[in-house]
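Q: give me a model of this one.
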Amino acid sequence: MRNALSFKLREPQIVACCNAGMHGWYRKRGPFDVSPFSDAAWQSPGAPVVFGKDWFIGFLNETGGRFGWDGRTTLTVDMPEGQELFMRTGVDPYSAWDEYNARLAEARGAAAAPTAGFPRITYTTHVEQHWYAGMENRHPQDVMSERFVLDQTERIKKLGLPPGALIIENGWFSTRRPGTYGDWRFDEDKFPDPKGLAAHLKSLGYLPGIWIAPALVSTHSEYCKSGGATDGRWLFHSEKYPSEECRTAVLDRRLESALAETIRYLADLGFGILYLDLLYLERGRMMELQRRIAEIATRTAPELWVIGHLSDPYRAAPRYAHRVYDVHILPGSDWVEETRMRWLVNRYSSPLAPTLWGSIGGSNPFMLEEEFMDHWRLYQDDRKAPFIGLLPDRFAPRTIARFRRQLDELLS
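A: Numbering: from 1, shown residues only. Predicted coordinates for the structure are as follows:
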């Protein structure tokens with residue numbers, strides 16, 4: 001049994017559960033019909049709420065539901081049996097959002113996850129991989145290697161920047177043979193001594209981390225060849241990388257066991273962060289997997305930090321952090337407003353987890369110096385913990401000196 005409720009309201013300002021494919025700042029102009037639970041995770045990373053200038057509505061559990069707007073005056077809320085609605089009118093919507101979050105936390109006895117022990121600055125190889133790949137006409141996975149990681153630490157040192165968390169992104173595992181997606185094992189040609197690398201990074205003051213896409217399974221993986229179940233959906237196919245003939249895994253005990261083995265493998269090598277890419281399937285399915293992995297990590301490697309993109313206002317996990325997806329800084333776009341809106345929505349959508357903000361300069365590997373510093377200025381204004389993807393050593397010396405000075409001031 002389903003219930004459909006209609007409300008006469010002022011036009012919605014924010015639809016937190018839909019950011020229009022990462023280009024819409026969570027604003028929906030004109031009619032819309034969205035589901036915070038079954039829409040794709042990449043376009044629904046925020047909380048299941050919608051609000052206007054003086055009203056707020058949110059779902060109180062995860063049984064499902066949809067929001068629809070007719071483009072004029074009517075908001076329709078479609079709810080399955082068992083769903084509950086939180087609604088306030090004649091209020092400041094952000095105050096109502098605080099009340100909504102408190103209601104969720106109280107109902108589940110949840111408390112905010114501790115932040116102690118996580119570095120105050122984070123680096124990732126992702127943007128630099130794309131920069132070098134673009135300059136050399138190569139695939140970003142091709143440029144990844146142990147030498148690439150060590151070169152990045154040397155560049156950070158030359159810039160005078162402090163060590164922190166360092167996340168090794170896509171390309172550390174084999175791409176043309178078993179060990180690929182689904183197996184998650186280091187490519188021994190590119191990383192001959194991953195345990196030694198992790199130990200070396202720690203000696204330099206880094207907390208080393210690893211990127212994985214835990215529900216992607218290559219047809220060339222041992223996991224798939226040995227009977228690991230998939231749902232038959234092809235996610236992408238590449239002639240250059242035949243091992244990237246990826247399907248999506250069924251979320252069953254076999255997958256959980258394989259992921260537990262991967263977590264133990266990485267933790268035994270000395271890696272302290274598991275960075276999850278979970279933006280490619282339905283939000284409900286990806287959220288369940290994110291939670292299962294956090295639970296597995298708590299049991300298997302309690303010292304490991306788990307980082308995920310999907311905000312979770314319903315539950316908290318120890319040593320779990322929320323990572324805001326990078327803004328797209330493009331010529332002619334209002335990326336300043338997009339950045340602020342992204343931060344605002346994610347701060348309220350993940351009240352129980354420490355939040356890592358998007359990369360300074362966004363995800364564009366060919367970011368201009370002026371735009372990089374403009375984006376960095378927003379970080380300073382809001383006192384954000386820095387997340388650095390593009391190293392500023394390609395900029396003018398005076399810009400590097402200013403960035404280093406301002407970073408020192410922020411971290412102090």
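Q: look up the closest residue to R291, ignoring the ones flanking it.
A: Distance criterion Cβ to Cβ, 6 or more residues apart in numbering; nearest residue to R291, sequence neighbours excluded, is R315 at 6.4 Å. Placement of C-beta: from N, CA and C, glycine included.
Q: wait, doesn't the one you found sit right on S350?
A: No: using Cβ atoms under 8 Å as the test, R315 is too far from S350 to be in contact (10.7 Å).
Q: where along the stretch 201-350 of the chain do the helices fall?
A: Counting by DSSP state H, counting those that start in this stretch, the stretch 201-350 of the chain has helices at residues 222-225, 253-269, 283-300, 335-349.
Q: in the first one, what's buried?
A: Right, the one you point to is helix 222-225. Applying a neighbour-count criterion of 16 or more other Cβ atoms under 10 Å, one finds 222-224 buried in helix 222-225.
Q: show me how far that helix is from its chain's centre.
A: 27 Å (Cα atoms, centre = their mean, to the nearest Å).
Q: quick one: list the elements packing against that helix.
A: In terms of contacts (3 or more Cβ pairs under 8 Å, 6 or more residues apart in numbering; DSSP states H and E), helix 222-225 is packed against strand 216-218.
Q: what's near enough to touch H130?
A: Under the criterion of Cβ atoms under 8 Å, 6 or more residues apart in numbering, the neighbours of H130 are 140, 363, 365.
Q: mind picking out the helix or strand in this protein with the poorest mean pLDDT?
A: Lowest on mean pLDDT, DSSP states H and E among the helices and strands of the chain sits strand 230-236, with a mean of 72.
Q: so, low pLDDT: which residues of the stretch 201-350 of the chain?
A: For the stretch 201-350 of the chain, the stretches with pLDDT under 70 are 234-244.
Q: so E99 touches P93, yeah?
A: No: under the criterion of Cβ under 8 Å, E99 is not in contact with P93, lying 10.4 Å apart.
Q: higher neighbour count, the two?
A: With neighbours defined as other Cβ atoms under 10 Å, E99 and P93 compare such that P93 has more, 22 against 15.
Q: with adjacent residues omitted, what lies nearest to that one?
A: In this structure, P93 finds its nearest non-sequential neighbour in F51, 3.9 Å apart by Cβ to Cβ, 6+ apart.
Q: list the contacts of that neighbour.
A: 12-14, 16, 57, 93, 96-97.
Q: buried subset of the residues you listed, written for PyMOL?
A: For anyone working in PyMOL, the buried entries among the contacts of F51, judged by 16+ other Cβ under 10 Å, can be selected with:
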select buried, resi 12+14+16+57+93+96+97
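Q: will you turn the contacts of F51 into a markdown table that also has secondary structure, distance to V250 and pLDDT?
A: Shown next, in a markdown table, are the contacts of F51 (DSSP: H, G, I helix; E, B strand; the rest coil; distance: Cβ to Cβ, whole Å; pLDDT from 0 to 100):
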| residue | secondary structure | distance to V250 | pLDDT |
| --- | --- | --- | --- |
| P12 | coil | 36 | 85 |
| Q13 | coil | 39 | 83 |
| I14 | strand | 35 | 84 |
| A16 | coil | 30 | 85 |
| I57 | strand | 34 | 97 |
| P93 | helix | 39 | 95 |
| A96 | helix | 39 | 98 |
| W97 | helix | 35 | 96 |
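Q: from the contacts of F51, which is closest to T73?
A: Using Cβ to Cβ, the shortest approach to T73 within these belongs to P12, at 11.0 Å.
Q: was I right about that closest one contacting L75?
A: Yes: P12 lies in contact with L75 (Cβ under 8 Å); the separation is 6.9 Å.
Q: what sits in contact with each of the two?
A: Common neighbours of P12 and L75, counting by Cβ under 8 Å, 6+ apart, are 50, 69.
Q: quick one on the thing from earlier: closest to M79 out of the contacts of F51?
A: M79 lies nearest to I57 out of these, by Cβ to Cβ, at 10.9 Å.
Q: pretty sure H375 is in a helix, no?
A: Yes: counting by DSSP: H, G, I helix; E, B strand; the rest coil, H375 is found in a helix.
Q: list the residues that contact it.
A: Neighbouring residues of H375 by Cβ under 8 Å, 6+ apart: 327, 329, 335, 339, 360-362.
Q: tell me which two in those residues are the farthest apart.
A: Spatial extent of the contacts of H375 (Cβ to Cβ) is set by the pair W335 and I360 at 12.5 Å.
Q: please name the residues that touch Y314.
A: Taking Cβ under 8 Å, 6+ apart, we find Y314 in contact with 61-62, 104, 108, 110.
Q: let's go with 10 Å and repeat that
A: With contact taken as Cβ atoms under 10 Å, 6 or more residues apart in numbering, Y314 is in contact with 47-48, 59-62, 104-105, 107-108, 110, 287, 291, 352.
Q: need the overlap of contacts for W335 and I360.
A: Taking Cβ under 10 Å, 6+ apart as the criterion, W335 and I360 both touch 375, 378.
Q: mind checking how far the residue nearest to R291 is from E295?
A: Noted for R315: a distance of 10 Å to E295, by Cβ to Cβ, to the nearest Å.
Q: coming back round to it: return the member of the contacts of F51 nearest to G71.
A: Nearest to G71 among the contacts of F51 is P12, at 10.4 Å by Cβ to Cβ.
Q: any idea how far that closest one is from L289?
A: Distance from P12 to L289, by Cβ to Cβ: 30 Å.
Q: quick revisit: give me the common contacts of E99 and P93.
A: With Cβ under 10 Å, 6+ apart, E99 and P93 have common neighbours F56.
Q: hmm, back to that, can you add distance to H375, neighbour count and pLDDT and give the contacts of H130 back as TSV?
A: Output for the contacts of H130, formatted as TSV (distance: Cβ to Cβ, whole Å; neighbours: other Cβ atoms under 10 Å; pLDDT from 0 to 100):
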residue	distance to H375	neighbour count	pLDDT
P140	22	20	91
S363	11	18	85
P365	14	19	89
